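>>> My questions concern the predicted model and sequence given below.
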Amino acid sequence: MATTDTPGTGSAGTGSAGTLYRRITDYANRADPYPLYAELREHGVARQDDGGYLVGTYHEVAALLHDPRISSDRRNRTVPDEVQSVPVAFIGRDDPEHERLRNIAMRPFGPPHAPGRVDAMHDEITAIAGELIDGLRGRDRIDLVEDFAYPLPVTVICRLLGVPREDEPRFHAWSETLIEGFDPTPGTDPAERQRVALQARTEMGLYLGELAESRRGRPSGDMLSAFVNDPGPGGGFTTPELMATAVLLLIAGHETTVNLVTNSVLTLLRHPEALRLVRERPELMPGMVEEVLRYEPPVQLLPQRTALTDVEVDGVTIPKGAPLVLVLAAGNRDPRRFRDPDRFDPTRQDNQHLGFGSGVHSCFGAPLARVEGQIALTALVRRLDDPRLLQDPPVYRRSPILRGPRHLPLAVSGITD
Ligand code: HEM
């Protein structure tokens, strides 16, 4: 969906439904998009001036996530030919191709073939979190993002995939370019952005493909090695499929969890009573993480769906071929689904949020993200002595999709053991 937004021209809460996507993606509204999401829910389905559609009510978003008439396949969208010709990972494919590829990727990661994989990483993640916090001793100012929330998931996903941690600057640059490619960034030509992103995706894919290839015949316990050495009964990935999947896993594995940890700390510091509660009762931490996934979800919206046929939603016909954006973060605050939805309540019981999506594309890495979030937050809450926000709202990352602070400067009185 094309946008023409310009930073600094936000107008949250005003204007017509037809400009909502432009306003949601406007960087000026990044710190607080929630009034716009409320406006979207009032409209139900909002047709945009460029012919796309936005949906932000819980039941409708959830139904569309399960609807086979709604495609995730990038080939159904108008993009340049060379972009089409590059293999896309299973997040951008429909069943049955999606299911085949997801099953191959799942083989070394979860049930039925590797059911204990995430549990087995528990101690390792705890150790990584502990070391990062130990490294903060002697400091009275920290940037939660740079010092903790970014390095933690990067280290975890690198170990899981078998990517050398010291290559982080290379894949971080590719990853940022790739994310910009699917972001509706203001003032740039979408086709040009996609071409640049394509180049980053190709370079990253070649890098990961070579790493996997170097382990052929020498299994080393990581996922890249498993993809080439233990492909499973169906024969595993082709080389282009492996490259596309590895790119997806590396990006999804580190660009999302960073927001979960940072959004959690920001939310807890804005709600001191909730912070006190989870500090006194660490057993509430899993529920707290779920509540952040509802209240400040790291993935706010899914911008790449297409209607394969005319689809009626809430009395509106979304025509065949129309681009569709599903606003998970708006559904998560729908008063028709959640009681008192704008209240952050770590003890909330009925909390089937949309933070990990739903349906066949629901998050592949959710068990890992949950464990990482719970371990990270437990360690931070216990060990940061009197943390205080130095900037509120903080400076946000550009992306309206993967939304979270770029930096979160904190003052601390010390680090406890
Ligand atoms: C808090 C952290 C995370 C959040 C909020 C999150 C969110 C999501 C969401 C909303 C989707 C659905 C996309 C769609 O329907 O188009 C998704 C899919 C996916 N996620 Fe995550 N994710 C997180 C962490 C991870 C991690 C750690 C990994 C990898 C280990 C991962 C791998 C994936 C993959 C591969 C898909 C595509 C699934 C499919 O198409 O079948 N995610 N994630």
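Sure thing, it's come through. Residues are numbered from 1 along each chain as shown.
>>> The closest residue to Pro323 other than its chain neighbours: how many residues sit nearby?
Of all residues not flanking Pro323 in the chain, Gly52 sits nearest, at 4.3 Å (C-beta to C-beta, 6 or more residues apart in numbering). (Each C-beta comes from the backbone N, C-alpha and C, glycine too.) Using other C-beta atoms under 10 Å, Gly52 is surrounded by 21 other residues.
>>> any idea how far Gly52 lies from Val45?
Using C-beta to C-beta, to the nearest Å, one gets 11 Å for the distance from Gly52 to Val45.
>>> what's the answer for Arg23, then?
17 Å.
>>> Name the nearest residue to the residue in the stretch 51-200 of the chain that the ligand sits nearest to, sequence neighbours excluded.
Of the stretch 51-200 of the chain, the residue with the smallest distance to the ligand, taken as C-beta to the nearest ligand atom, is Ile91 at 3.8 Å. Closest residue in space to Ile91, ignoring its immediate chain neighbours: Leu248 at 5.8 Å, by C-beta to C-beta, 6+ apart.
>>> how about the one residue in the stretch 251-400 of the chain that gets nearest to the ligand, what does it touch?
Going by C-beta to the nearest ligand atom, the ligand is nearest to Gly365 of the stretch 251-400 of the chain, at 2.1 Å. Gly365 sits next to 249, 252-253, 256 when contact means C-beta atoms under 8 Å, 6 or more residues apart in numbering.
>>> quick one: the helices in the stretch 201-350 of the chain?
223-229, 239-255, 257-270, 272-280, 285-295, 328-331 (DSSP state H, counting those that start in this stretch).
>>> Which positions in the stretch 301-417 of the chain make contact with the ligand?
302, 355-357, 361, 363-365, 368-369 (C-beta under 6 Å from any ligand atom).
>>> counting contacts, what elements does whatever helix or strand Ile375 lives in pack onto?
Per DSSP states H and E: Ile375 is located in helix 366-383. Judged by 3 or more C-beta pairs under 8 Å, 6 or more residues apart in numbering; DSSP states H and E, the packing partners of helix 366-383 are helix 117-120, helix 122-134, helix 151-161, helix 257-270, helix 272-280, helix 285-295.
>>> Quick one: residues in contact with the first one.
Counting contacts by C-beta under 8 Å, 6+ apart, the residues outside helix 117-120 that touch it are 108-110, 367-368, 371.
>>> which parts of that helix are buried?
117-118 (16 or more other C-beta atoms under 10 Å).
>>> how about that helix, does it get close to the ligand?
No - using C-beta under 6 Å from any ligand atom, helix 117-120 stays clear of the ligand, with a minimum separation of 9.2 Å.
>>> what bits of this structure have low per-residue confidence?
1-15, 78-86, 182-188 (pLDDT under 70).
>>> Please list the residues of it that sit near the ligand.
Residues of the chain lying near the ligand by C-beta under 6 Å from any ligand atom: 72, 90-91, 102, 248-249, 252-253, 256-257, 260, 298-299, 302, 355-357, 361, 363-365, 368-369.
>>> repeat that for 5 Å
Taking C-beta under 5 Å from any ligand atom as the contact definition, the chain meets the ligand at 91, 102, 252-253, 256-257, 260, 298-299, 302, 356-357, 361, 363-365, 368-369.
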